[in-house]
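**Student:** My questions concern the predicted model and sequence given below.
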Amino acid sequence: MHLLILRFSAMGDVALLVPVLSALAGKYSNIRMTLVTRRAFEPFFFNIPGVEVIGVDLKQPQYRGLKGIYRLFRELRVLGPYDFGIDVHGSTRSRILKFLFKFQGLKFSSIVKGRREKLKQTRRKRKKLYPLPHVVERYMHVFERAGFHAKPDKGPWISPDTRSRALATDFLKKNDIGRKEGYWIGIAPFAGHRPKTWPFVHVHELVSLLNRNMKCRIFLFGGGKQEIEQLKILEESFPNVTTMVAGNLNIEGEMALIMRMDLMVAMDSFNMHIAALLGTKVLSIWGATHHFSGFGPYGQDEKAIMEVPVEKLPCRPCSIFGNKKCYRRDLACMNWITPLEVFRRIESRLLERNRPV
């Protein structure tokens, strides 16, 4: 049985396919899965038997526009035949590919995103806020409609390979970090949109609190020139406790390093998802979005979530992806979460039993 699976972005959403594909590979020994995604996301799936990842660089001119999609279709057709298609993205690109493959007689099962329910969660008045299925569950339902039933095992779900672990080890040696002393805490203070990003002045104060009150080493995660410049401020302000990861490790090395953290502090972002999938304890800070929409840290409960209660701030959530402007214009959902509150929650999370819950 050969499945063609389509999921191109975003990074965290692609990573959340790992528990599903691992469960299917464990139950169906005769299944072969060809996953089409972005090239940068290939390391998530290295250790899943039966999964072949077709990494596509969608920034390349040959894959842009309708001609680029048709080119990709022809390249994928050669790798067939396929017995069934799985569209867990529902994007314009995946829908066009699905349309082209249907002319070849290939049947598809497609994701149901629950847009209507999510709209009711984020409208300004008469919100209906209740837990929707997690993204992993939605993915699993797509495969179930295609006739494949499997339940994800308990994590961790991502296991970095030997190369990833070697990259992390080399990074630690390069920074003269030997045996672990105190806690190792990762901080990833950025997200794709401002309403999902905790104010940097709060991050600075949190690091100061950790420096003064806890024996720990803080690893700073991020990406992009602007984010790295901000993280350098933290590194220069607290040289004895902070280590810059951003810009110094690729995603493979970062995964193996995150796995060594005692706690990962992150926003509603990729770093939150990847840490949870690696089995690392998470503390995620939420603003305009809400974990009831199905994007919380997989496998961890509400102790991994920090947010202003909806009872206190009824405009939350105002967005599913955090890509809308704050109509209050004060980003209260993020500004009202104080560094001291986060510090106390970090203390609480670190004192819990080792396995993330």
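**Tutor:** Looks like it arrived, so ask away.
**Student:** what kind of secondary structure is residue 35 in?
**Tutor:** What DSSP: H, G, I helix; E, B strand; the rest coil gives for residue 35 is strand.
**Student:** Show me which residues of stretch 35-43 are buried.
**Tutor:** 35-38, 41-43 (16 or more other C-beta atoms under 10 Å). Any C-beta I mention is one placed from the backbone N, CA and C, and that applies to glycine too.
**Student:** Those into JSON lines, with extra columns for distance to residue 161 and pLDDT?
**Tutor:** As requested, these are exported to JSON lines (distance: C-beta to C-beta, whole Å; pLDDT from 0 to 100):
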{"residue": "35", "distance to residue 161": "17", "pLDDT": "98"}
{"residue": "36", "distance to residue 161": "21", "pLDDT": "98"}
{"residue": "37", "distance to residue 161": "18", "pLDDT": "97"}
{"residue": "38", "distance to residue 161": "19", "pLDDT": "96"}
{"residue": "41", "distance to residue 161": "15", "pLDDT": "95"}
{"residue": "42", "distance to residue 161": "11", "pLDDT": "94"}
{"residue": "43", "distance to residue 161": "8", "pLDDT": "93"}
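**Student:** what residues does the helix or strand harbouring residue 66 touch?
**Tutor:** Assigned by DSSP states H and E, residue 66 falls within helix 65-78. Helix 65-78 is contacted from outside by 4, 34, 36, 54, 56, 58, 61-63, 93, 96-97, 100-101, 104, using C-beta atoms under 8 Å, 6 or more residues apart in numbering.
**Student:** And for stretch 311-325?
**Tutor:** Contacts of stretch 311-325 (C-beta under 8 Å, 6+ apart): 118, 121-122, 124, 127, 129, 191-196, 268, 287-290, 292-293, 307-308, 310, 326-328, 332-333, 336.
**Student:** In helices only, show me the residues you listed.
**Tutor:** Judged by DSSP state H, the contacts of stretch 311-325 include 118, 121-122, 332-333 as members of helices.
**Student:** about what we covered before: show the buried residues in the contacts of helix 65-78.
**Tutor:** 4, 34, 36, 54, 56, 58, 63, 93, 97, 100-101.
**Student:** For the strand or helix carrying residue 346, name the packing helices and strands.
**Tutor:** Here residue 346 sits within helix 339-351, counting by DSSP H and E. Applying 3 or more C-beta pairs under 8 Å, 6 or more residues apart in numbering; DSSP states H and E, we find helix 339-351 packed against helix 200-213, strand 263-267, strand 282-285, strand 305-306.
**Student:** Is it possible to get CSV of the ones you listed that adds distance to residue 344, mean pLDDT and mean neighbour count?
**Tutor:** Formatted as CSV, the helices and strands packed on helix 339-351 follow (distance: least, C-beta to C-beta, whole Å; pLDDT from 0 to 100; neighbours: other C-beta atoms under 10 Å):
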stretch, distance to residue 344, mean pLDDT, mean neighbour count
helix 200-213, 9, 98, 17
strand 263-267, 13, 98, 26
strand 282-285, 11, 98, 26
strand 305-306, 10, 98, 18
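**Student:** can you give me the helices for the stretch 101-250 of the chain?
**Tutor:** Per DSSP state H, counting those that start in this stretch, the stretch 101-250 of the chain carries helices over the ranges 115-122, 135-145, 162-174, 200-213, 225-237.
**Student:** how big is the angle separating the fourth one from helix 339-351?
**Tutor:** Compare the direction of helix 200-213 with that of helix 339-351 by axes from the mean of the first three to the mean of the last three C-alpha atoms, to 10 degrees and you get 50 degrees.
**Student:** What pLDDT is listed against residue 178?
**Tutor:** pLDDT recorded at residue 178 is 89.
**Student:** Measure how buried residue 245 is and give me the count.
**Tutor:** A count of neighbours around residue 245, defined by other C-beta atoms under 10 Å, yields 23.
**Student:** Looks like it contacts residue 221 (just checking).
**Tutor:** Yes: using C-beta atoms under 8 Å, residue 245 is in contact with residue 221, at 5.1 Å.
**Student:** what do those two both touch?
**Tutor:** The contact lists of residue 245 and residue 221 share 186, 254, where a contact means C-beta under 8 Å, 6+ apart.
**Student:** State the distance from residue 306 to residue 265.
**Tutor:** Distance of residue 306 to residue 265, computed by C-beta to C-beta, to the nearest Å: 9 Å.
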